[in-house]
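# sequence first, then the predicted structure, then my questions.
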Amino acid sequence: MNPTNQNPSSEDLPSRPVLNSSEVINQVIESGEQLMASIQDLIEWTDYDVSQITDYLKRIGKFLAAVIEAHPITYTVEALTHKLELDEPTLRRLLRDVGVEIDPAVSNPDETVTEDDIIALLADRAGSPVGDRLMDLLRGDGPYVTWW
């Protein structure tokens, strides 16, 4: 390492294995599905008091919330105009009306807005055709688990 440069050179750093992101994503999905299935089995097929593991489940929830907050879901203006069946100026005006910092006079289909921005728009447009399409967008695909 150069004494005038306190940052280590790349040759001084230990090499890290390169992971295949597709494999890691598949592992995350599989283990998440297994966790949900196991908890569901615990609830449905045993007399175990699930409140005994609530602290652990809260810990998982807090970790996942932090990951989601650090890496929010974003949507391009182009994707939203297509999904919501709106032209770009109208979409930009609606977003601006609910407090999203977006320039309604600009045309940039690659500009992104966050899921929180979309939720604000949904709150404003609930019950309208645009609101219905926003609900479909936010609902996405996935298992819906309910216990009664």
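Okay, I see it.
# mind checking the longest helix of the chain?
Secondary structure of the chain per DSSP state H: the longest helix is helix 21-45.
# so what does that one touch, helix or strand wise?
Judged by 3 or more C-beta pairs under 8 Å, 6 or more residues apart in numbering; DSSP states H and E, helix 21-45 is in contact with no other helix or strand. To be clear about C-beta, it is placed using only N, CA and C from the backbone, and glycine gets the same treatment.
# what about that helix, distance to the chain center?
The chain centre lies 18 Å from the centre of helix 21-45; the measure is C-alpha atoms, centre = their mean, to the nearest Å.
# now swap in stretch 51-66 and tell me
Counting by C-alpha atoms, centre = their mean, stretch 51-66 is centred 18 Å from the centre of its parent chain.
# and for stretch 59-79?
Counting by C-alpha atoms, centre = their mean, stretch 59-79 comes out at 3 Å from the chain centroid.
# again with stretch 129-143
So, by C-alpha atoms, centre = their mean, the centroid of stretch 129-143 is 14 Å from its chain's centroid.
# sort out which residues of that stretch are buried, please.
For stretch 129-143, a neighbour-count test (16 or more other C-beta atoms under 10 Å) marks Val130, Gly131, Arg133, Leu134, Leu137 as buried.
# mind telling me what element the first one is part of?
Element membership of Val130 [criterion: DSSP states H and E] is helix 129-139.
# quick check, pLDDT for Ser15.
pLDDT, Ser15: 74.
# on that earlier part again, next helix or strand past the longest helix of the chain?
Trace forward from helix 21-45 with DSSP H and E and the next one is helix 54-70.
# pLDDT of that next one, averaged?
Helix 54-70 comes out at a mean pLDDT of 94.
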